[in-house]
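>>> Pasted the sequence and its predicted model underneath.
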Amino acid sequence: MTADNVLPSVLVPNMPETPDSLRPHTELVRDTGVRRLWTGQSLKVEAHQAFAHLAGAGLRVPVGLSVTLMPLRHPYEAALQARSLALLTGLPVVAGYGVGSTAFVRSLNGRPYTSPRTMAADYLRTVRALLDGEIVDHAGDYHSLQGRLIPMEHPHVEVGVGVLRPNMARTAGGVADVAITWMTPPTYVAETLLPALEEGAKDRDRDTRCRVATVVHVAVEREGRNPHVLAHTAASGHLTMEHYTDMLRRAGVPVDPADPVAGAAALVDSGTYLYGSADHIAAELEKYRNAGVDEVILNCAGVMFTEGQSAALRDTREIIEAVGRRNGG
């Protein structure tokens, strides 16, 4: 395995307020040759448009969306936006989608989804079929469509979905190209999620399971830093959500949504939040690859939210270089 194959990807941890606020991360990806630049759902500058702006300015790198929320877009619009981004960058795209929280879905639709898994499966199948140039004739509980995208040649778009627990992993295994996981310890990926992904693939007669891309919190140890504070700053929101805390408890990390401060300490103590020298972090990231993760995504949110973008980019670059050294790069 070459260094190019094992280099991580990079996540922009905050919602961009201007398209150019993504420029430093984009330049880092371009200059280091890592796999991809990821963003999450942005409710400020919309992520597809921010990436399109940078591509128009000459900054073209492979990109991923982790995850945009399904209630915001009809699957036709989702496929059109993803394909447009591939055409504008001239490079492969990972279009990742998530169902969204019950409260978010209710705020847009007036009621929650009766079956989030059914909704996700229908949505992902429709987006994949449209991107493959198929004519879609679907009338379901969550969307209807009779049509196709106007045929055009374009770089490949992988359709991804956010996955935390086995049920959604089984759904992803049957319909997605990429399962995108967040804060999932490597043993949990290997022992819980991968078997569920493989089961889902088998149930749908797929020859191979989908790829796994995992977002990992990281911070380089430096004087004056407190890893528990960094972890709480980065993950406090997720540590109050039942689906995240349930996943972590299944993985053996003792967290309670009523106590995110203790939860942050548990993330650090369990190694789910990686803190130490860049070489130490590079060694720990190998556990994810050994567990079957195909793409590790570095998330320097704790540093970015406490010390700013320059400090986060410094940490990210040092970790990338350490991974390269470790793999002969």
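That came through, no problem.

>>> so where's this structure uncertain?
Scanning the chain with the threshold set as pLDDT under 70 gives 1-5, 329.

>>> Longest helix in it, by number of residues?
In the chain, taking DSSP state H as the definition, the longest helix is helix 309-326.

>>> Nearest to the spatial middle of the chain, which residue is it?
S66 (3.6 Å; CA atoms, centre = their mean).

>>> which residues are contacting the longest helix of the chain?
3, 6-8, 10, 13, 24-25, 28, 32, 34, 218-220, 277-279, 281-283, 285-286, 298, 300-301, 303-304, 329 (CB atoms under 8 Å, 6 or more residues apart in numbering). For every residue, glycine as well, the C-beta is placed using N, CA and C.

>>> how about a cut-off of 6 Å?
By CB atoms under 6 Å, 6 or more residues apart in numbering, the surrounding residues in contact with helix 309-326 are 3, 7, 10, 24, 28, 32, 34, 218, 220, 278-279, 281-282, 298, 300, 303-304.

>>> ok, back up a step: pretty sure the residue nearest to the centre of the chain is touching V178, no?
No - assessed by CB atoms under 6 Å, S66 is found out of contact with V178, at 9.2 Å.

>>> Now do the shared contacts for the two.
With CB under 6 Å, 6+ apart, S66 and V178 have no common neighbours.

>>> residues of stretch 51-69 that come out buried?
Neighbour counts using 16 or more other CB atoms under 10 Å place 51-55, 59-69 of stretch 51-69 among the buried residues.

>>> just stretch 290-308 next, same as before
Quick answer for stretch 290-308 (16+ other CB under 10 Å): 291-304, 306-307.

>>> Apart from its chain neighbours, what residue comes closest to the residue nearest to the centre of the chain?
Spatial nearest neighbour of S66, excluding adjacent residues (CB to CB, 6 or more residues apart in numbering): G96 at 4.5 Å.

>>> I'd guess the one you found is in a strand, am I close?
Yes - secondary structure of G96 (DSSP: H, G, I helix; E, B strand; the rest coil): part of a strand.

>>> any idea how far it lies from A103?
Remark: distance between G96 and A103 (CB to CB, to the nearest Å) = 21 Å.

>>> go on, A266?
Distance from A266 to A103, by CB to CB: 25 Å.

>>> Looking at the two, which one has more neighbours?
It is A266, of A266 and A103, that has more neighbours when counted by other CB atoms under 10 Å, with 22 against 8.

>>> got the contact list for the residue nearest to the centre of the chain?
By CB under 6 Å, 6+ apart, the neighbours of S66 are 38, 40, 96, 180.
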